[in-house]
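Participant: here is the input, now give the coordinates:
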Amino acid sequence: MKKFNAFQIKIVLLILMLLDHLWFAFPTVFPSYIHGITRLVSPMFAYFLVEGFFYTRSRTKYGFRLLGFAIFMEAGNYILNLMLASKHVSVHNNIMATLFIGFVIINLFELSKNKAGMKKVFFIILGITVSIIAFLEAGILEGSNSIIPFIIITYCFRGNLKKQSIGYLIIALILAIITLSVDTSFDTIMFNSDFLLVLVIPVILLYNGERGLNNKFSKYMFYVFYPLHLWILAIIKFMVS
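Facilitator: Numbers count the residues shown, from 1 in each chain. Below is the predicted model:
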């Protein structure tokens, strides 16, 4: 079976991301199942976050890059929302912030490995505390109720896809039970279809563990494309409303 490197997979993820946000901006034009089948995008980028955590030359620079773009997107959203407020068009997405918090959590757990005694306990408790707070703040942190547990499972069982997959399935089962106990129509189920994050498993199986293209373009491609396409779609929606 042909496998693909991280860069190749990220290109596909960006296309799926665009499709999802096209549906979100124009729900009457695109079918609701698009939102469902694209639920693998954020988890796969979260998976690459963990991979990047171990492969980066500088975790400090990696963390600050995530934080910087999270702040940049939040500021951009704020300015754009003010400009488009007259037609009630707005952008509230910021998966960058969720990924940054995920980075902080696994960094705390990683730091605990080099500590002993109470210092070790402190970093573990701090990591768990941040995880719980992030999980409970899903209304503020985009997708944190699924992405934060996903990141922790990916980190804890890194190198063991079987255990990772079991963890992903448990998350999906819990989310599915919650969704199906509240939503009954196909469209509402698709709208709350985070349980379909299990679609990430076959994508991980297709990943060959290689980075692929490694230059400035590949490094910043996601960071630039993510906010830019959301802002452009919001402006288009404003113009045609």
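
Participant: host element of the most centrally placed residue in the chain?
Facilitator: Centre of the chain computed as the mean C-alpha position; nearest residue by Cα atoms, centre = their mean is Ser42, 3.2 Å away. In this structure, Ser42 is located in helix 41-55 according to DSSP states H and E.

Participant: if we can go back for a sec, so for the residue nearest to the centre of the chain, what pLDDT did the model give?
Facilitator: pLDDT for Ser42: 97.

Participant: count of neighbours near Gly117?
Facilitator: Each residue near Gly117 was counted by other Cβ atoms under 10 Å, and the total is 7. The way it works is simple: take the backbone N, C-alpha and C, and place the C-beta from them, glycine included.

Participant: before we move on, what about Ile124?
Facilitator: Using other Cβ under 10 Å, Ile124 is surrounded by 16 other residues.

Participant: how about the contacts made by the nearest residue to it once chain neighbours are set aside?
Facilitator: For Ile124, the nearest residue in space outside its immediate sequence neighbours is Ser112; the separation is 4.9 Å by Cβ to Cβ, 6 or more residues apart in numbering. Contacts were defined as Cβ atoms under 8 Å, 6 or more residues apart in numbering; by that measure Ser112 touches 120, 123-124, 127.

Participant: now do the helices in the protein.
Facilitator: Ranges of helices in the chain, per DSSP state H, are 6-25, 33-37, 41-55, 59-83, 95-112, 117-136, 144-156, 161-182, 186-191, 200-205, 216-240.

Participant: separation between the closest residue to Gly127 other than its chain neighbours and Leu141?
Facilitator: Once its chain neighbours are removed from consideration, Gly127 has its nearest residue in Leu108; the separation is 3.7 Å (Cβ to Cβ, 6+ apart). Computed with Cβ to Cβ, to the nearest Å, the distance linking Leu108 and Leu141 is 16 Å.

Participant: so between these two, which is more surrounded?
Facilitator: When neighbours are counted by other Cβ under 10 Å, Leu141 comes out ahead of the other of Leu108 and Leu141, with 22 against 19.

Participant: just give me the neighbour total for the closest residue to Ile9 other than its chain neighbours.
Facilitator: With Cβ to Cβ, 6+ apart as the criterion, Ile9 has its nearest non-adjacent residue at 6.1 Å, and that residue is Tyr207. Tyr207 is surrounded by 18 other residues when neighbours are defined as other Cβ under 10 Å.

Participant: just the pLDDT for Tyr207.
Facilitator: For Tyr207, the model assigns a pLDDT of 97.

Participant: look up which residues are beta-bridged to it.
Facilitator: Note on Tyr207: beta-bridge partners Phe4, judged by DSSP bridges.

Participant: was I right about it contacting Lys3?
Facilitator: Yes. Between Tyr207 and Lys3 there is a contact at 6.6 Å, judged by Cβ atoms under 8 Å.
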